[in-house]
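Peer 1: 3D, please:
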Amino acid sequence: MNFEVGSAYHLRFEDESFDTVISTGVIHDLANPAKALNEWYRVLKSGREALVYDPALIVPREKIKIWYERLEGEELALFKEYANRTPPRTYSTGELEKILSETKFKEYEIKRGEWIRIKLKK
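Peer 2: Take a look at the predicted model:
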């Protein structure tokens, strides 16, 4: 398994390169989630699935303060930058359905619990 840093909007891979695309904790942070989902559709092989997981609950600021106390050095700086830059948010099922309607994915299933789980089929 390899990990790469890149843009969710412009993946460096050829069309239909992957059997599965997995996204964890990303959708709520994207300015244009439909654009990213269309890029994931492009690199996903025909007949295969993308699995998207995102927080279903907003973490209270009090809990974030507890996390701050456990971090130090670069981790603390990075977490503070991220937490201050991104307002906490989550999507309702209706908002997700609207986003998905703007993508090439037409077959999907949304489940909610502590996490939002979206199964998308190409």
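
Peer 1: hey, where'd the strands end up in this protein?
Peer 2: Taking DSSP state E, the strands of the chain run over residues 18-24, 44-55, 107-112, 115-121.

Peer 1: spatially speaking, which residue is in the middle of this structure?
Peer 2: The residue lying closest to the centre of the chain (CA atoms, centre = their mean) is residue 26, at 2.5 Å.

Peer 1: so what's that residue closest to, chain neighbours aside?
Peer 2: Distances taken as CB to CB, 6 or more residues apart in numbering place residue 8 nearest to residue 26, at 6.4 Å, with adjacent residues excluded. Yep, even glycine has a C-beta here, placed from its N, CA and C like the rest.

Peer 1: distance of the one you found from residue 29?
Peer 2: Counting by CB to CB, to the nearest Å, the gap from residue 8 to residue 29 is 9 Å.

Peer 1: Looking at the two, which is more packed in?
Peer 2: Neighbours were tallied for residue 8 and for residue 29 using other CB atoms under 10 Å; the higher tally belongs to residue 8 (17 against 14).

Peer 1: Tell me who's in contact with the more buried one.
Peer 2: Each residue near residue 8 by CB atoms under 8 Å, 6 or more residues apart in numbering is listed here: 23, 26, 30, 36, 39, 40.

Peer 1: export those residues to a markdown table and tack on pLDDT and distance to residue 73?
Peer 2: Rendered in a markdown table, the data for these read as follows (pLDDT from 0 to 100; distance: CB to CB, whole Å):
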| residue | pLDDT | distance to residue 73 |
| --- | --- | --- |
| 23 | 94 | 28 |
| 26 | 88 | 25 |
| 30 | 90 | 28 |
| 36 | 98 | 31 |
| 39 | 98 | 34 |
| 40 | 97 | 33 |
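
Peer 1: Are any of those buried, and if so which?
Peer 2: Among these, those classed as buried by 16 or more other CB atoms under 10 Å are 23, 30, 36, 39, 40.
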